[in-house]
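Q: with the sequence up front, the predicted model follows.
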Amino acid sequence: MLPRNAAAAIARAFEAGRVVLIAGPRQSGKTTLALEIVRQRGGEFATLDDEATLRAALDDPVAFVERERLLAIDEFQRAGEPLLRAVKRNVDRDPRKGRFLLTGSSRFLSIPTLSESLAGRAILVDLWPLSQGELRRCRDALGERLFGSDTRLRQLGVQRLSRTEYLDAACRGGFPEIHSASDYVRRTWFASYLRTIVQRDAVEISRIRRAGDLPRVLRALAARTAQVLNISDVARDLELPRTTLEDYAFLLENIYAWYRVPAWARNLTQRAVRHPKAFISDVGLAAHLRGATSASLAVPGEPAVGPLVETFVAGELLRQRTWSSIDYDLYHFRDARGAEVDFILESADGRVVGVEVKASATFDHRSLKTLALLRDRLGDRFANGVVLYLGTEVLPFGDRLTALPLSALWAPA
Ligand SMILES: Nc1ncnc2c1ncn2[C@@H]1O[C@H](COP(=O)(O)OP(=O)(O)OP(=O)(O)O)[C@@H](O)[C@H]1O
Ligand SMILES: [Mg+2]
């Protein structure tokens with residue numbers, strides 16, 4: 001078993017909230033982690049995947065949650081609102097911390113009535129598929145280090161990987177069950193993964209009847225991963241009404257199949273682009289949906305490489321957020337004249353990091369231009385600007401600007 005870096009965040013959440021929620025995409029390791037937590041802390045584990053347990057939870061939710069010790073409820077979303085209300089009443093009577101651990105693979109807390117009823121009582125922890133650090137058994141936290149000094153950043157012990165090794169890691173992605181599988185096994189696994197999403201999750205959580213269109217929609221999103229998303233364009237390409245496409249996209253977002261990275265616009269320039277960028281949650285899944293393999297990506301000039309490497313980076317920065325000691329949000333930046341920064345990380349106290357991603361092993365100074373502009377405009381608020389590239393050297397470029405090999409993402413402290 002690979003240790004999960006999110007476990008530390010969950011332990012902290014247990015100290016702070018009466019209810020801890022673990023949510024993330026299917027097959028990210030939620031059940032495994034919940035079982036491990038119950039084993040360590042003592043308590044009971046119930047899964048609503050089990051029909052009899054589900055029936056008990058639905059028939060008498062109040063009695064179902066009446067326990068002395070920690071109760072973990074897996075696949076919580078299957079019982080919906082009545083069970084949630086029972087949990088709320090229960091923790092209102094008994095305010096001890098860490099009473100319930102709920103796991104689910106949909107953003108059930110994005111439903112306003114649900115989030116309101118647990119407000120102030122629950123702490124949500126995202127559990128994404130394995131990060132590159134978790135795969136290598138280390139605490140990866142480049143996100144948090146980017147807010148520290150450039151001197152420290154330049155001392156990171158980075159792994160020297162070849163372009164082929166990077167692209168292979170990207171195609172594998174982070175789903176624990178297949179991270180070391182062959183190409184063939186991975187392909188078969190992803191195909192059945194997509195079937196499960198369509199046949200089970202879609203039907204369970206929505207009114208969408210033609211769930212058969214979902215793979216097509218997800219494939220269209222994968223074709224646009226790491227690009228600015230314009231829903232109307234996608235709808236036109238797929239010949240679907242815009243509102244229908246919005247329903248599909250919303251549903252797929254709710255089950256963590258993809259996410260949006262919003263545009264960052266802090267008056268830096270007047271005419272910044274407002275549309276979000278779309279990213280498939282796991283780069284391995286994105287590669288599968290695009291029919292990309294490490295062999296096909298090795299062809300020089302292959303256009304899928306850039307967006308997949310960017311999807312890889314976004315996924316790692318997002319995964320690391322779960323256990324980062326610094327709270328940051330992820331944005332992208334582009335202005336009307338075409339100047340852009342792939343990722344902006346903004347901390348809760350308003351400090352800013354710029355991250356450019358270059359899917360090439362040689363370094364091009366032009367990628368520093370917008371980062372330097374950002375630094376000069378933001379002054380002290382600017383923490384660091386980095387270019388992540390597929391080369392092997394750490395290259396300093398003066399005040400707070402550094403080029404780092406992509407493997408800096410999972411460099412140990
Ligand atoms: N930390 C880990 N190290 C190695 N393998 C793991 C780890 N966590 C989970 N796995 C494996 O990954 C697969 C999925 O794990 P698990 O069932 O816990 O995920 P899940 O998020 O509950 O999935 P689902 O949403 O489908 O219920 C299982 O085969 C499990 O053995
Ligand atoms: Mg599970």
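A: That came in fine, so what should we check first? Please read these numbers as outputs of a predicted model, since none were measured by experiment. Numbers count the residues shown, from 1 in each chain. Ligands and ions are numbered 1, 2, ... in the order given.

Q: now the helix or strand hosting residue 39, how far from the chain's geometric center?
A: Element membership of residue 39, judged by DSSP states H and E, is helix 30-41. On the basis of C-alpha atoms, centre = their mean, to the nearest Å, helix 30-41 sits 21 Å off its chain's mean C-alpha point.

Q: show me the contact partners of that helix.
A: Here helix 30-41 makes contact (C-beta atoms under 8 Å, 6 or more residues apart in numbering) with 1, 4, 6-7, 10, 14, 22-24, 44-45, 47, 70, 72, 74, 98, 101, 103-105, 127, 176. In this view, the C-beta of every residue, glycine as well, is placed from N, C-alpha and C.

Q: just the C-alphas of it, formatted as CSV.
A: Provided in CSV are the C-alpha atoms of helix 30-41 (Å, rounded to 0.1, in the frame of the first residue of the first chain):
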residue,chain,number,x,y,z
LYS,A,30,-11.4,6.7,-0.8
THR,A,31,-12.7,3.4,0.6
THR,A,32,-9.2,2.2,1.2
LEU,A,33,-8.2,5.3,3.1
ALA,A,34,-11.5,5.4,5.1
LEU,A,35,-10.9,1.7,6.2
GLU,A,36,-7.4,2.6,7.2
ILE,A,37,-8.6,5.6,9.3
VAL,A,38,-11.2,3.5,11.0
ARG,A,39,-8.6,0.8,11.7
GLN,A,40,-6.3,3.4,13.2
ARG,A,41,-8.8,5.5,15.2
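
Q: buried residues, whatever helix or strand comes next after it. List them.
A: Downstream of helix 30-41, the first helix or strand assigned by DSSP H and E is strand 44-47. By 16 or more other C-beta atoms under 10 Å, the buried positions in strand 44-47 come out as 45, 46, 47.

Q: residue 292 belongs to a strand, doesn't it?
A: No. Judged by DSSP: H, G, I helix; E, B strand; the rest coil, residue 292 forms no part of a strand; its state is coil.

Q: and the residue lying closest to it once chain neighbours are set aside, what is it in contact with?
A: Once flanking residues are discounted, residue 292 sits nearest to residue 304: 4.9 Å by C-beta to C-beta, 6 or more residues apart in numbering. Contact analysis of residue 304 by C-beta under 8 Å, 6+ apart lists 287, 290, 292, 296, 297.

Q: of the residues you listed, closest to ligand 1?
A: Nearest to ligand 1 among these, counting by C-beta to the nearest ligand atom, is residue 287 at 18.8 Å.

Q: so which helix or strand takes in the closest one?
A: Secondary structure (DSSP H and E) places residue 287 in helix 283-289.

Q: from the contact counts, what lies against whichever helix or strand comes after that helix?
A: Counting by DSSP H and E, the next helix or strand C-terminal to helix 283-289 is helix 294-297. Judged by 3 or more C-beta pairs under 8 Å, 6 or more residues apart in numbering; DSSP states H and E, helix 294-297 is in contact with helix 163-172.

Q: so, in contact with ligand 1 or not, the helix it packs on?
A: No. Under the criterion of C-beta under 6 Å from any ligand atom, ligand 1 is not reached by helix 163-172; the shortest gap measures 13.6 Å.

Q: send me that helix as PDB with only the CA atoms.
A: C-alpha atoms of helix 163-172 as PDB (Å, rounded to 0.1, in the frame of the first residue of the first chain):
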ATOM      1  CA  ARG A 163      11.400  13.400 -21.900                       C
ATOM      2  CA  THR A 164      10.300   9.800 -22.500                       C
ATOM      3  CA  GLU A 165      10.100   9.100 -18.700                       C
ATOM      4  CA  TYR A 166       7.900  12.200 -18.200                       C
ATOM      5  CA  LEU A 167       5.600  11.300 -21.000                       C
ATOM      6  CA  ASP A 168       5.300   7.800 -19.600                       C
ATOM      7  CA  ALA A 169       4.400   9.100 -16.200                       C
ATOM      8  CA  ALA A 170       1.800  11.300 -17.800                       C
ATOM      9  CA  CYS A 171       0.200   8.500 -19.700                       C
ATOM     10  CA  ARG A 172       0.100   6.400 -16.500                       C
END
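
Q: what's it in contact with?
A: Taking C-beta under 8 Å, 6+ apart as the rule, helix 163-172 contacts 132, 161, 178-180, 183, 186, 283-284, 287, 292-294, 297-298, 305, 308-309, 311-312, 361, 390, 406-407.

Q: and the residue nearest to residue 292, backbone torsions?
A: Per-residue torsions, residue 304: phi -70, psi -20 (degrees, to the nearest 10).

Q: try residue 393
A: Here is the backbone geometry of residue 393 (degrees, to the nearest 10): phi -110, psi 150.

Q: give the contact list for the closest residue to it other than its chain neighbours.
A: Excluding the flanking residues, the one nearest residue 393 by C-beta to C-beta, 6+ apart is residue 405, at 7.1 Å. Taking C-beta under 8 Å, 6+ apart as the criterion, residue 405 is in contact with 158, 159, 160, 161, 388, 389, 390, 391, 392, 393, 394.

Q: neighbour-wise, give me the winner out of those residues.
A: Within the contacts of residue 405, most neighbours by other C-beta atoms under 10 Å means residue 388, with 28 neighbours.

Q: assign residue 343 to helix, strand or coil.
A: When classified by three-state DSSP, residue 343 comes out as strand.

Q: and the residue of the stretch 51-200 of the chain nearest ligand 1?
A: residue 176 (3.4 Å).

Q: list the contacts for that residue?
A: 2, 27, 28, 29, 32, 129, 130.

Q: so residue 13 sits in a helix?
A: Yes. Counting by three-state DSSP, residue 13 is located in a helix.

Q: was I right about it contacting residue 127?
A: No. Checked against C-beta atoms under 8 Å, the pair residue 13 and residue 127 is beyond contact range at 11.6 Å.

Q: which of these two has more neighbours?
A: Using other C-beta under 10 Å, the more surrounded residue of residue 13 and residue 127 is residue 127, with 26 against 21.

Q: how many other residues sit next to the residue lying closest to the more buried one once chain neighbours are set aside?
A: Leaving aside its chain neighbours, residue 127 sits nearest to residue 24 (3.8 Å; criterion: C-beta to C-beta, 6+ apart). By the other C-beta under 10 Å criterion, the neighbourhood of residue 24 contains 25 residues.

Q: just the pLDDT for residue 24.
A: Looking at residue 24, its pLDDT is 94.
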